[in-house]
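Colleague: Got a predicted structure here, sequence first:
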Amino acid sequence: MSTKHDIRTARLLKWLQDAYAMEQEAETMMKAMASRIEHYPALAARIAQHVQETRNQAQTLRECIHALGGSVPTAKGLVASVGAALHAAGNSMMEDEVVKGIGLSFGFENTEIATYRALILAAERAGATDIAAVCAQILQEEQAMAGWLEQHQDSLVGAFLDREETPGAESKR
């Protein structure tokens, strides 16, 4: 018979594994986007910074998963990475790739924010205050990235529109 603690810990572990796969997907998508950005240096720099944060987040999540006696979901991570790569390839064919990428990234960051809020609550209920603290730190990083995208969207879209109207200028990336 499972106790409340066992049930809560099992749920926490499952959500941590999902978050780990999500971070793998995020890294794949961001690296693909960053590799193609040519004319938007502030965006490229912020994405590169967040790629490093994402790698660190994945490593921290891996440690949390192992601390709970779980293992990293390789199949789920692989499927997420393949899906992200296909998604990125599709985006690369859009004539307004950078604008679409900003919007998609903002949406993804907000999905991550919701995920980490749920993880914090699950960790607290499972009595895993150390994991709750880790998730709170990751939440701050995701909120910072979403905030940056929101704050810079107008100027980045404006730069895209300016480049699009300039003869000979590449606006897509």
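Modeller: Yep, it's here. Numbers count the residues shown, from 1 in each chain.

Colleague: can you list the weak-confidence ranges in this structure?
Modeller: Where the chain drops to pLDDT under 70, the residues are 1, 75-94, 169-173.

Colleague: what's the longest helix in it?
Modeller: Assignment by DSSP state H gives helix 129-165 as the longest helix of the chain.

Colleague: Packing partners of that helix?
Modeller: Contact analysis of helix 129-165 by 3 or more CB pairs under 8 Å, 6 or more residues apart in numbering; DSSP states H and E lists helix 41-67, helix 97-125 as its packing neighbours. Heads up, the C-betas are built off the backbone N, CA and C, glycines and all.

Colleague: okay, the angle between it and helix 97-125?
Modeller: 170 degrees (axes from the mean of the first three to the mean of the last three CA atoms, to 10 degrees).

Colleague: Now do the buried residues in helix 129-165.
Modeller: Buried residues in helix 129-165, counted by 16 or more other CB atoms under 10 Å: 131-132, 134-135, 138-139, 141-143, 145-146, 148-149, 152, 156, 159-160, 163.

Colleague: again, but for stretch 17-29
Modeller: Across stretch 17-29, burial judged by 16+ other CB under 10 Å covers 17-29.

Colleague: Quick check, central residue of this protein?
Modeller: Centroid-nearest residue in the chain, with CA atoms, centre = their mean: residue 26, separated by 4.0 Å.

Colleague: starting at the chain centroid, how far to the strand or helix carrying residue 24?
Modeller: Assessed by DSSP states H and E, residue 24 sits inside helix 4-36. Averaging C-alpha positions (CA atoms, centre = their mean, to the nearest Å) puts helix 4-36 9 Å from its chain's average.
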